[in-house]
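Engineer: Here is a sequence together with a model predicted from it:
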Amino acid sequence: MSTFFAFLHHVCAFTLVSAVAIEFALIRGELTLASARRLQVTDMAYGIAAGALLIIGLLRVFFFEKGADYYFHSHAFVAKLSVFIAIALLSIIPTKEFLSWRGAVKAGQAPTISAKKLKLITAVIQGELFAVVIILLCAAIMARGRWV
């Protein structure tokens, strides 16, 4: 079971990273009806992957790996989990924006977004990508038993 949950954890992580990269590419282009729909679907996939990643990760911590005591005494793990939670909270900003487009998209129109809001959304998505790099660093440190 441990191997299966490790596999699921990695699938969710790669899905999450792919979704953020797709959002980053889409938000930098022209906002059309098609790109707005893609952003909404990609953001939903991102949210599902993030939720599954958290649940599977916690199941691994508590039931399938070295145990909660080991992980919660690891500074690298606590940093990794903290950055993940920060990403989750930050991701609320673009998600709220993408959800606000439902009416326009349903009506077959490209949504409008102010330059200021677009800049914020782009910065948040860039921040999410950077945070993923930090999480990967923490995972590598954890795998080597460092920063305990």
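Structural biologist: Done, it's in.
Engineer: Let me know the outermost residue of the chain.
Structural biologist: Residue farthest from the centre of the chain, counting by Cα atoms, centre = their mean, is residue 107 at 28.8 Å.
Engineer: What values do phi and psi take at that one?
Structural biologist: Per-residue torsions, residue 107: phi -80, psi 0 (degrees, to the nearest 10).
Engineer: Contact partners for it?
Structural biologist: Residues counted as contacts of residue 107 (Cβ atoms under 8 Å, 6 or more residues apart in numbering): none. From N, CA and C alone the C-beta is placed, and that goes for glycine too.
Engineer: Equivalent analysis for residue 77, please.
Structural biologist: Contacts of residue 77 by Cβ under 8 Å, 6+ apart are 71, 138, 142.
Engineer: again, but for residue 90
Structural biologist: 124, 127-128, 131.
Engineer: which strands and helices sit next to the helix ranked longest in the chain?
Structural biologist: The longest helix of the chain (DSSP state H) is helix 115-143. Contact partners of helix 115-143 among helices and strands, from 3 or more Cβ pairs under 8 Å, 6 or more residues apart in numbering; DSSP states H and E: helix 2-28, helix 75-90, helix 92-100.
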